[in-house]
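K.L.:
have a look at this fold, sequence not included:
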């Protein structure tokens with residue numbers, strides 16, 4: 001009888017385990033871990049990716065009207081003004097009107113600072129392209145050289161057109177060009193299909 005009692009006690013101890021976790025709970029946990037590995041085979045790789053450090057620096061190129069053009073390594077959250085400072089600041093000829101100095105930089109970005117002359121040339125080119133897009137000369141915005149390209153309009157008449165604009169404002173319609181001294185029906189009939197007012 002004593003042997004039976006000891007055997008039952010030993011069996012209970014074995015089944016319940018000696019610590020907080022029984023043999024069966026350990027086995028269950030082991031099975032859960034195996035199930036997780038089947039559900040997410042990339043679990044270890046994902047964990048590695050999450051722990052990979054994000055680069056703390058970026059590289060940006062600063063060119064144009066700055067004292068020291070070049071490529072600079074900067075903290076990843078830097079702004080445009082920091083890059084320009086690193087490049088020695090702006091030249092006196094620089095035009096920073098189109099720069100957003102507070103813009104957040106990104107890796108590989110290029111910042112180009114135009115000179116005032118370059119900016120003016122770019123504006124004039126843009127204006128010329130917009131004027132000639134339809135092949136017509138806008139008599140309210142055309143330059144002296146553009147007006148001289150019209151038949152019957154020499155430099156003196158082109159100057160008179162510009163003077164008229166400055167004194168009286170824009171032409172409301174193309175026929176108003178006949179209000180300019182020296183431009184009558186004959187010249188108007190030559191140019192009316194080549195000009196516009198807007």
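P.N.:
Received the coordinates, thanks. Small disclaimer: the values here were computed from a predicted structure and weren't measured. Residues are numbered from 1 along each chain as shown.
K.L.:
which residue ranges make up each domain of this structure?
P.N.:
57-115, 132-196 (automatic domain parsing).
K.L.:
let me have these in JSON lines, extended by mean pLDDT, distance to residue 122 and mean neighbour count.
P.N.:
Glycine gets a C-beta too; all of them are placed from N, C-alpha and C. Below are these laid out as JSON lines (pLDDT from 0 to 100; distance: least, Cβ to Cβ, whole Å; neighbours: other Cβ atoms under 10 Å):
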{"stretch": "domain 57-115", "mean pLDDT": "96", "distance to residue 122": "7", "mean neighbour count": "15"}
{"stretch": "domain 132-196", "mean pLDDT": "92", "distance to residue 122": "16", "mean neighbour count": "14"}
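K.L.:
reformat these as a markdown table; add distance to residue 124.
P.N.:
Putting the domains of the chain into a markdown table (distance: least, Cβ to Cβ, whole Å) gives the following:
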| stretch | distance to residue 124 |
| --- | --- |
| domain 57-115 | 13 |
| domain 132-196 | 9 |
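K.L.:
how about the helices of the protein, start to end?
P.N.:
Applying DSSP state H to the chain gives helices spanning 2-16, 23-39, 43-51, 80-86, 116-131, 144-148, 155-168, 185-191.
K.L.:
contacting residues around the closest residue to residue 157 other than its chain neighbours?
P.N.:
The shortest distance from residue 157 to any non-neighbouring residue, by Cβ to Cβ, 6 or more residues apart in numbering, is to residue 182 (5.5 Å). Shown in contact with residue 182 (Cβ atoms under 8 Å, 6 or more residues apart in numbering): 156, 157, 160.
K.L.:
residue 89 is in contact with residue 66, correct?
P.N.:
Yes - the criterion here is Cβ atoms under 8 Å, and residue 66 meets it with residue 89 at 6.8 Å.
K.L.:
what's the pLDDT at residue 34?
P.N.:
For residue 34, the pLDDT comes out at 52.
K.L.:
go on, the one 3 residues further on?
P.N.:
Note for residue 37: predicted pLDDT of 52.
K.L.:
any idea how far the residue nearest to residue 157 lies from residue 113?
P.N.:
Using Cβ to Cβ, to the nearest Å, residue 182 is found at 46 Å from residue 113.
K.L.:
just residue 196 next, same as before
P.N.:
Separation of residue 196 from residue 113 (Cβ to Cβ): 36 Å.
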